[in-house]
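S.K.: sequence and predicted model, in that order:
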Amino acid sequence: MGMVEREPPRGTVNRGLRIGKLAATLTGSYLGYQFQNILQGEDEDGQRKLAYQKKASRQIRRELQQLKGPVMKLGQMLSAQGALIPQEALNELSVLQMHAPPMHATLARTQFRTALGESPEEMFREFSATPFAAASLGQVHRAVTKKGEEVSVKIQYPAIKTAVKNDFKLLRAATAAGRLKDYLTKAMLDEIESIILSETDYTREASNLARFRKGLKSLRYVAVPKPFPKYSTDRILTMTLLEGEHLDDWLAHDPPQKIRNLLGTRLFELLYFQIHRINALHADPHPGNYLFSREGDIGLVDFGCVKEVAPEVSNLLKSFAISGETLEKKKAKRIAELLWHSETPQMQSDGLFIVETAFEFSKLVIPPRGSHVSKVDFGDSSIFRELSRLSRIVIESKLTRPQLLFVFRAEIGLYNLLNRLGAVVDTRAVIERFL
Amino acid sequence: MAAKKKKTANGRSKRAPQKAGKRAQKKDKTKKAILEAALALFAKKGFRRTTTKEISKNAGIAEGTLFNYFGSKEDLALYFIEQEIAGLISWYEDEPDIQEFPVVEKLFAIIQRYLERITPYEDFVGAVYLRALQPSSKLNPLSLDGQEVNLHYLKFIRSILSEAEAEGEIPPLGDLGAYGFGLFQLAILTHWLQDRSDHKEATLALLDRCLTVANTVIQRGGWEW
Ligand SMILES: Nc1ncnc2c1ncn2[C@@H]1O[C@H](COP(=O)(O)OP(=O)(O)OP(=O)(O)O)[C@@H](O)[C@H]1O
């Protein structure tokens, strides 16, 4: 996306954000925190937590380039409302990609004690005061329970809810006038805000963890952290610590093709298993949320954002997968009618185009039954480019249904991962298990 | 209380030169007992609804004796502040890891600890705060009594800052640093008193952000004239 190199954008939103930046750093603003994080990462001077800070800001920058997180959410919401937001405005809003500032040990400890009544040192056998990862709302620490279980403790930055609310007040003011008004209505902002606010409640994430642990049990190679309600509140989430490496580190060992393929196949199965068997999706396909072992096992973290998969969508994907080279016109029409059932006949017939594009996309990923292609090489850039092109058509269409959209995004996230893995996957064989 | 009386008896049996010291010690003990009783009542019933009668009863002394120790509620408040500061400083000196913290975290820990200590007495602190705004009050930071207490604290802060300066952690600030910090702490207290967020977490966030920003600004240097 090249966000970082972009010239400073002008426009109402941006002006609003800049004003916000001043007030924000002090009054509690998520945006402000993020600016600060980035700035702090720049002037290095070998202080205690600098390595961590640098890592956090590098992470932010990387994520900015990928335009994910809340921007993605923003895009989803906007499309859901049938609006199409200009790319420039979207870029401006991508600053919303939020990360709370790092907390020093004293602040993290205070936060923990305020929430749970005891300091982490009292509650755990061991607690490492330095966090090992940054999270969007706080940071993650390693600890060992009194029983000897290794856990990860996610601690939320104080008053994050207020900060989010402040930002949205600001965003509303910034978008109330000018050209953005038509794209970002108050109703949309309200809805996005409520989604982000709901993610500030870690008890929801804890129940998602429990749900997916159960749901994914039969996939032996997938680990989902177990939540520890005793050491968790809405601001603290304690869960088992998963082992494994992030994609970049994993790739740095130059794993053999066989393992890459195995991992690719598993990741592919993991996605479709969620769609067809759990009917819910871990909806943040960001690579940082996966931890890989040398043997090709997968650890999945960050269940803050989970989406229900509608039966129509699951059925749509199944009917794509059982079609041959072409999707019968009649069938495509029926799907469009089903997906746009509450819309005008005109929209239903326009929806047909989306369905057909999505089918082309699906065919690239899952070769039709009886096709001479048996495996898909996700490392092949030409396939990947074509996937991106088709997905843009679907994602940027005003008509795309929200339930379709996040599944699509999850797919793209997955193929992105498979592309970086250079995995060759017999996708047809995997999909057949679900048909 | 019973233990105290026993000690008094012991004191009387000691030799004369120690007598004055013992008396001061005993006086101190009683003052502390009164403050303790008062604070417990303030926390339970609120500052305004607590009577001197109740305080003296809870402290196990006669109401008249109370006035020998504290001529007014202001004296009591001033003593409270003094004790808080002494408590804060000795906490800081005994806290094992704190010496290793970066200076920003030290200052954060001090204010945080201070706020934590006064949390049970918010009501009382609020009353003291309002009172202190009056120029005629002993509690006013510009009054002589107020200044004395204040200075003790500022010197403590200055020693922390000087240490950081000596180690090159921050550029030289001179006395400005401690004064600035004093004002800052007052501002934080003001925010804290009005903070209605859960566990006053908004103040915690504000404190953290302000110190981070202040550190960034301070690092630019050129503060000593
Ligand atoms: N149980 C765990 N075991 C191992 N690592 C973990 C665990 N939980 C979190 N992490 C690490 O911490 C990082 C941040 O955690 P998480 O993704 O849950 O936070 P978040 O607030 O959702 O952040 P973001 O939205 O940026 O991903 C993860 O990317 C992962 O590297």
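M.R.: Thanks, I have it.
S.K.: list the buried residues for the longest helix anywhere in chain B?
M.R.: As far as residue count goes, and with DSSP state H defining each element, the longest helix of chain B is helix B:19-45. Of all the residues in helix B:19-45, those buried under the rule 16 or more other C-beta atoms under 10 Å in any protein chain shown are B:30, B:31, B:33, B:34, B:35, B:37, B:38, B:39, B:40, B:41, B:42, B:43. All C-beta atoms are positioned from the backbone trio N, CA, C, and that covers glycine.
S.K.: again with stretch A:285-303
M.R.: Neighbour counts using 16+ other C-beta under 10 Å place A:285-293, A:296-303 of stretch A:285-303 among the buried residues.
S.K.: keep only the residues you listed that also lie close to the ligand.
M.R.: Among the buried residues of stretch A:285-303, the residues lying close to the ligand (C-beta under 6 Å from any ligand atom) are A:286, A:288, A:289, A:301, A:302.
S.K.: going by distance to residue B:201, which of the residues you listed wins?
M.R.: Proximity of those to residue B:201, judged by C-beta to C-beta, is greatest for residue A:302, which lies at 23.2 Å.
S.K.: now that closest one, what's its secondary structure?
M.R.: When the structure is split into helix, strand and coil by DSSP: H, G, I helix; E, B strand; the rest coil, residue A:302 lands in coil.
S.K.: so what does the residue nearest the centre of chain A have for phi and psi?
M.R.: The centroid of chain A falls nearest to residue A:284 when counting by C-alpha atoms, centre = their mean (2.0 Å). Backbone geometry at residue A:284, expressed as degrees, to the nearest 10, gives phi -120, psi 90.
S.K.: so it makes contact with residue A:301?
M.R.: No. At 9.6 Å, residue A:284 and residue A:301 do not qualify as touching, with contact defined as C-beta atoms under 8 Å.
S.K.: tell me which helix or strand residue B:116 sits in.
M.R.: Per DSSP states H and E, residue B:116 falls inside helix B:103-118.
S.K.: between the very next helix or strand once past that helix and helix B:103-118, how many degrees?
M.R.: Going down the chain from helix B:103-118, the next helix or strand is helix B:122-132, by DSSP H and E. Our comparison of helix B:122-132 with helix B:103-118, counting by axes from the mean of the first three to the mean of the last three C-alpha atoms, to 10 degrees, yields an angle of 110 degrees.
S.K.: and helix B:122-132, what's buried?
M.R.: Across helix B:122-132, burial judged by 16+ other C-beta under 10 Å covers B:122, B:123, B:124, B:125, B:126, B:127, B:128, B:129, B:131, B:132.
S.K.: how about stretch A:360-374?
M.R.: Buried, per 16+ other C-beta under 10 Å, within stretch A:360-374: A:360, A:361, A:362, A:363, A:364, A:365, A:366, A:367, A:368.
S.K.: again with stretch B:196-212
M.R.: By neighbour count on 16+ other C-beta under 10 Å, the buried set for stretch B:196-212 is B:199-212.
S.K.: surely residue A:130 touches residue A:104?
M.R.: No. With contact taken as C-beta under 8 Å, residue A:130 and residue A:104 are classed as non-touching, separated by 9.4 Å.
S.K.: which one of those two has more residues nearby?
M.R.: More neighbours surround residue A:104 than the other of residue A:130 and residue A:104, with 22 against 15 (other C-beta atoms under 10 Å in any protein chain shown).
S.K.: returning to that earlier point: can you redo the buried residues of stretch A:360-374 as CSV with pLDDT, secondary structure and distance to chain B?
M.R.: Formatted as CSV, these follow (pLDDT from 0 to 100; DSSP: H, G, I helix; E, B strand; the rest coil; distance: C-beta to the nearest C-beta, whole Å):
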residue, pLDDT, secondary structure, distance to chain B
A:360, 90, helix, 49
A:361, 89, helix, 44
A:362, 90, helix, 47
A:363, 90, helix, 51
A:364, 90, helix, 48
A:365, 92, helix, 45
A:366, 93, coil, 48
A:367, 92, coil, 53
A:368, 89, coil, 55
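S.K.: pick the one among those closest to residue A:144.
M.R.: Within the set of these, residue A:365 lies nearest residue A:144; the separation is 42.3 Å, counting by C-beta to C-beta.
S.K.: show me what contacts that closest one?
M.R.: For residue A:365, the contact set (C-beta atoms under 8 Å, 6 or more residues apart in numbering or on different chains) comprises A:376, A:387, A:411, A:415, A:427.
S.K.: same question for residue B:101.
M.R.: Taking C-beta under 8 Å, 6+ apart as the test, what residue B:101 contacts is A:104, A:105, A:106, B:109.
S.K.: so residue A:143 is in which element?
M.R.: Using DSSP H and E, residue A:143 maps to strand A:138-144.
S.K.: flag every buried residue along that strand.
M.R.: Of the residues in strand A:138-144, those buried under the neighbour-count criterion (16+ other C-beta under 10 Å) are A:138, A:139, A:140, A:141, A:142, A:143.
S.K.: what subset of these is also close to the ligand?
M.R.: When C-beta under 6 Å from any ligand atom is taken as the criterion, the members of these that contact the ligand are residue A:140.
S.K.: nearest to the ligand, of the buried residues of strand A:138-144?
M.R.: Distance ranking of these against the ligand, using C-beta to the nearest ligand atom, places residue A:140 first at 4.1 Å.
S.K.: what about the strands in chain B?
M.R.: With strands called from DSSP state E, chain B shows none.
S.K.: any figure for the gap between residue A:245 and the ligand?
M.R.: In this structure, residue A:245 lies at 10 Å from the ligand, with C-beta to the nearest ligand atom, to the nearest Å as the measure.
S.K.: look up how far residue A:356 lies from the residue nearest to that residue when sequence neighbours are not counted.
M.R.: Using C-beta to C-beta, 6 or more residues apart in numbering or on different chains and skipping residues adjacent in sequence, the residue nearest residue A:245 is residue A:292, 5.8 Å away. Plainly put, residue A:292 is 36 Å away from residue A:356 if you go by C-beta to C-beta, to the nearest Å.
S.K.: and residue A:193, by the same measure?
M.R.: Here the criterion is C-beta to C-beta. By it, residue A:193 lies 35 Å from residue A:356.
S.K.: now residue B:131
M.R.: Taking C-beta to C-beta as the criterion, residue B:131 is separated from residue A:356 by 77 Å.
S.K.: so what's residue A:424 bridging to?
M.R.: The residues paired with residue A:424 through beta bridges, assigned by DSSP bridges, are residue A:377.
S.K.: ah, wrong one, I meant residue A:127
M.R.: For residue A:127, the residues forming beta bridges with it (DSSP bridges) are residue A:143.
S.K.: re earlier: wait, which of the contacts of residue A:365 is closest to chain B?
M.R.: Nearest to chain B among these: residue A:411, at 38.0 Å, using C-beta to the nearest C-beta.
S.K.: helix or strand: which one has the closest one?
M.R.: Taking DSSP H and E as the criterion, residue A:411 maps to helix A:402-421.
S.K.: so how far is that helix off the chain centroid?
M.R.: Using C-alpha atoms, centre = their mean, to the nearest Å, the distance from the centre of helix A:402-421 to the centre of the chain it belongs to is 10 Å.
S.K.: now that helix: mean pLDDT?
M.R.: Throughout helix A:402-421, pLDDT has a mean value of 83.
S.K.: quickly check: it near the ligand or not.
M.R.: No. Applying C-beta under 6 Å from any ligand atom, one finds helix A:402-421 separated from the ligand by no less than 12.3 Å.
S.K.: C-alpha coordinates for that helix, CSV please?
M.R.: Output of helix A:402-421 as CSV, limited to C-alpha atoms (Å, rounded to 0.1, in the frame of the first residue of the first chain):
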residue,chain,number,x,y,z
PRO,A,402,-21.3,-7.9,4.4
GLN,A,403,-21.6,-11.6,5.2
LEU,A,404,-19.8,-12.3,2.0
LEU,A,405,-17.2,-9.6,2.4
PHE,A,406,-15.5,-10.8,5.6
VAL,A,407,-15.3,-14.3,4.4
PHE,A,408,-13.7,-12.9,1.3
ARG,A,409,-11.2,-10.9,3.3
ALA,A,410,-10.4,-13.9,5.4
GLU,A,411,-9.7,-15.8,2.2
ILE,A,412,-7.5,-13.1,0.8
GLY,A,413,-5.6,-13.0,4.1
LEU,A,414,-5.1,-16.8,3.9
TYR,A,415,-3.9,-16.7,0.3
ASN,A,416,-1.6,-13.9,1.2
LEU,A,417,-0.1,-16.2,3.8
LEU,A,418,0.0,-19.2,1.4
ASN,A,419,1.7,-17.0,-1.1
ARG,A,420,4.4,-16.0,1.3
LEU,A,421,4.8,-19.7,2.3
